[in-house]
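Engineer: 3D model of this:
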Amino acid sequence: MSKLTFADMQNPLFLHPSDGSSSIQIEKLHGPEDYRSWRRQMEIILTSKRKLGFATATVTRSTEDATLGDQWDSCNNMVIAWIHTNLSPSIKKSVLFFTTAREVWKHLETRFALSNGSRKYKLNKDSYGLKQNSTSVYDYFPTLNVIWEEMDSMNMLPIITTVSDEVKRNLEEVEKRKGESKLFQFLNGLDEVYVPMRSQLLMMNLLPSVETASSVIQQEELQRQLLSNPRHDMEMSAMFSRGQTGGDRVVVCKECGGKVHLSDKCWYVVGFPNGHPNHGRILMKPGSMNQSWSIWNKNNPGNKPKPAGNVAGSASNAVVFSPQQLEQLMQLLPSLSKQPSKASKTDDKLDSHFSGMMSYHNALNNDLGWIIDSGASDHMTPHFQKLIMPTLVTNLTPNIKLPTGDTVAITHM
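Structural biologist: Take a look at the predicted model:
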């Protein structure tokens with residue numbers, strides 16, 4: 001058996017061992033609307049395999065050499081199989097019994113090829129009527145370019161054998177006019193958001209090509225997408241949170257309710273660092289006041305917090321002073337300004353006036369009177385039932401001095 005040469009592989013009757021009925025796969029033909037693009041794709045692929053001559057009848061069957069005749073039959077049937085593979089089922093049934101690739105090719109052209117006038121009219125109408133309609137420029141421009149390419153294939157100019165300088169200038173001017181027409185069609189179909197860019201392109205002394213204009217608009221579109229995307233900062237924050245916690249779970253401190261730290265590192269537990277305004281101070285944990293109210297309401301379901309009233313310039317649930325209390329305050333102010341130094345008589349008067357004064361906005365009204373949270377770190381009450389989880393205290397030396405001058409012992413804490 002002789003070895004195949006390069007000349008043998010260039011012969012149209014040569015079939016490669018890898019060639020089969022499914023070697024060519026393109027978009028299937030469905031009707032007149034996609035026939036021209038389908039035919040152009042088939043022409044390119046058949047030419048690359050040196051088999052287009054079977055469809056155009058330029059490669060004929062040998063009647064003298066039986067071996068060459070058999071090879072021609074094999075190649076002819078392979079071309080028919082390639083065409084059948086890329087036809088819709090209904091169209092394939094209509095050409096199933098044709099015996100040569102030329103018959104199938106000619107039948108499809110006669111059936112689906114529209115006249116040049118009708119096709120040109122439709123293509124021109126589509127080119128001027130096509131709009132972007134909020135689609136991406138990456139999709140809008142290729143769709144328009146497909147129409148232009150098909151129009152160019154139908155408007156082929158005659159071939160010029162002798163090219164003079166004058167003919168060359170005329171051809172360059174024709175190409176320039178075609179390029180400007182494509183540019184105007186492309187800019188005309190853009191959305192209104194690109195009006196400023198369109199004006200800048202048209203004001204240039206030398207108009208750019210449609211490909212250059214498409215590239216500029218695509219860059220503008222990409223820039224708009226980046227600037228209008230609010231997810232960038234959110235994604236960076238999410239990445240930081242995942243890096244701190246080792247996953248998507250958000251860490252919440254059980255002491256203060258803060259995030260991104262645990263309770264063993266909470267400043268309300270370990271103390272505030274040096275330089276912090278609250279360094280060295282003991283502060284109530286956020287939410288502890290509300291928790292105290294919740295425990296009190298749970299133990300005393302009949303009591304509900306009520307706003308004490310309003311004072312001009314203060315919060316909506318601030319304490320309202322009675323006229324008698326205001327008068328007492330006005331009488332006290334001059335004595336404070338005249339006696340800045342602390343004296344025992346003034347202290348007694350201050351204790352007498354300010355003992356029991358309410359400083360917290362919410363109050364509970366029950367049978368024992370007003371229950372007020374003054375915001376202090378230590379509280380005293382003569383009513384044992386007001387205490388939460390009381391502990392008996394014995395042998396505690398300090399006593400409590402009342403505004404009346406009497407002293408009482410501390411019994412529970």
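
Engineer: Please count neighbours and contacts with C-alpha atoms only from this point.
Structural biologist: Will do.

Engineer: Now do stretch 20-35: everything it contacts.
Structural biologist: Stretch 20-35 is contacted by residues 38, 41, 45, 78, 81-82, 85-88, 91, 112-114 when judged by C-alpha atoms under 8 Å, 6 or more residues apart in numbering.

Engineer: From the residues you listed, keep the buried residues only.
Structural biologist: 38, 78, 81, 82, 85, 86, 87, 91, 112, 113 (16 or more other C-alpha atoms under 10 Å).

Engineer: possible to save those as JSON lines with distance to residue 60?
Structural biologist: Below are those laid out as JSON lines (distance: C-alpha to C-alpha, whole Å):
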{"residue": "38", "distance to residue 60": "24"}
{"residue": "78", "distance to residue 60": "15"}
{"residue": "81", "distance to residue 60": "18"}
{"residue": "82", "distance to residue 60": "19"}
{"residue": "85", "distance to residue 60": "23"}
{"residue": "86", "distance to residue 60": "24"}
{"residue": "87", "distance to residue 60": "25"}
{"residue": "91", "distance to residue 60": "26"}
{"residue": "112", "distance to residue 60": "25"}
{"residue": "113", "distance to residue 60": "25"}
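
Engineer: Check the contacts of stretch 20-35 and tell me the two furthest apart.
Structural biologist: Maximum pairwise distance in those, criterion C-alpha to C-alpha, is 27.7 Å, between 78 and 114.

Engineer: re the thing from before, okay, and which of the contacts of stretch 20-35 map to helices?
Structural biologist: When DSSP state H is applied, those are split such that 38, 41, 45, 78, 81, 82, 85, 91, 112 fall in helices.

Engineer: Now for residue 227, how many residues are close by?
Structural biologist: Residues near residue 227, counting by other C-alpha atoms under 10 Å, number 9.

Engineer: Oops, could you answer that again for residue 222 instead?
Structural biologist: For residue 222, the neighbour count with other C-alpha under 10 Å is 12.

Engineer: thinking again about what came up before, list just the nearest of the buried ones among the contacts of stretch 20-35 to residue 194.
Structural biologist: residue 38 (34.4 Å).

Engineer: ok, now which ones touch that closest one?
Structural biologist: Residue 38 sits in contact with 26, 27, 28, 29, where contact means C-alpha under 8 Å, 6+ apart.

Engineer: Would you point out the most distant pair within those residues?
Structural biologist: Across those (C-alpha to C-alpha), the longest gap, 9.0 Å, separates 26 and 29.

Engineer: higher neighbour count, those two?
Structural biologist: Neighbours were counted for residue 26 and for residue 29 using other C-alpha under 10 Å; residue 29 has more, 24 against 13.

Engineer: average model confidence for stretch 328-338?
Structural biologist: Averaged over stretch 328-338, pLDDT sits at 61.

Engineer: oh, I was asking about stretch 136-146
Structural biologist: 90.

Engineer: Work out the gap between that stretch and the centre of the chain.
Structural biologist: 23 Å (C-alpha atoms, centre = their mean, to the nearest Å).

Engineer: how near is residue 133 to residue 63?
Structural biologist: Going from residue 133 to residue 63 by C-alpha to C-alpha, to the nearest Å gives 60 Å.

Engineer: Now for this protein, the helix or strand with the poorest mean pLDDT.
Structural biologist: Scoring the helices and strands of the chain by mean pLDDT, DSSP states H and E places strand 362-366 at the bottom, with a mean of 43.

Engineer: Tell me where the chain has strands.
Structural biologist: For the chain, the strands defined by DSSP state E occupy 305-307, 362-366, 369-372, 399-401, 407-409.

Engineer: Tell me the one among the buried ones among the contacts of stretch 20-35 nearest to residue 137.
Structural biologist: Nearest to residue 137 among those, with distances taken as C-alpha to C-alpha, is residue 38, at 25.0 Å.

Engineer: CA atoms only for the lengthiest helix in the chain - export them in PDB, please.
Structural biologist: In the chain, taking DSSP H as the definition, the longest helix is helix 165-188. Provided in PDB are the C-alpha atoms of helix 165-188 (Å, rounded to 0.1, in the frame of the first residue of the first chain):
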ATOM      1  CA  ASP A 165      -4.800  56.800  -9.200                       C
ATOM      2  CA  GLU A 166      -8.200  58.400 -10.000                       C
ATOM      3  CA  VAL A 167     -10.000  55.100  -9.700                       C
ATOM      4  CA  LYS A 168      -8.200  54.400  -6.400                       C
ATOM      5  CA  ARG A 169      -9.300  57.800  -5.000                       C
ATOM      6  CA  ASN A 170     -12.900  57.200  -6.100                       C
ATOM      7  CA  LEU A 171     -12.900  53.800  -4.300                       C
ATOM      8  CA  GLU A 172     -11.500  55.300  -1.200                       C
ATOM      9  CA  GLU A 173     -14.200  58.000  -1.200                       C
ATOM     10  CA  VAL A 174     -16.900  55.300  -1.700                       C
ATOM     11  CA  GLU A 175     -15.600  53.400   1.300                       C
ATOM     12  CA  LYS A 176     -15.500  56.600   3.300                       C
ATOM     13  CA  ARG A 177     -19.100  57.300   2.500                       C
ATOM     14  CA  LYS A 178     -20.100  53.700   3.500                       C
ATOM     15  CA  GLY A 179     -18.300  54.000   6.800                       C
ATOM     16  CA  GLU A 180     -20.000  57.300   7.600                       C
ATOM     17  CA  SER A 181     -23.400  55.900   6.800                       C
ATOM     18  CA  LYS A 182     -22.700  53.000   9.200                       C
ATOM     19  CA  LEU A 183     -21.500  55.400  11.900                       C
ATOM     20  CA  PHE A 184     -24.700  57.500  11.600                       C
ATOM     21  CA  GLN A 185     -26.900  54.400  11.800                       C
ATOM     22  CA  PHE A 186     -25.000  53.100  14.900                       C
ATOM     23  CA  LEU A 187     -25.200  56.500  16.700                       C
ATOM     24  CA  ASN A 188     -28.800  56.900  15.800                       C
END
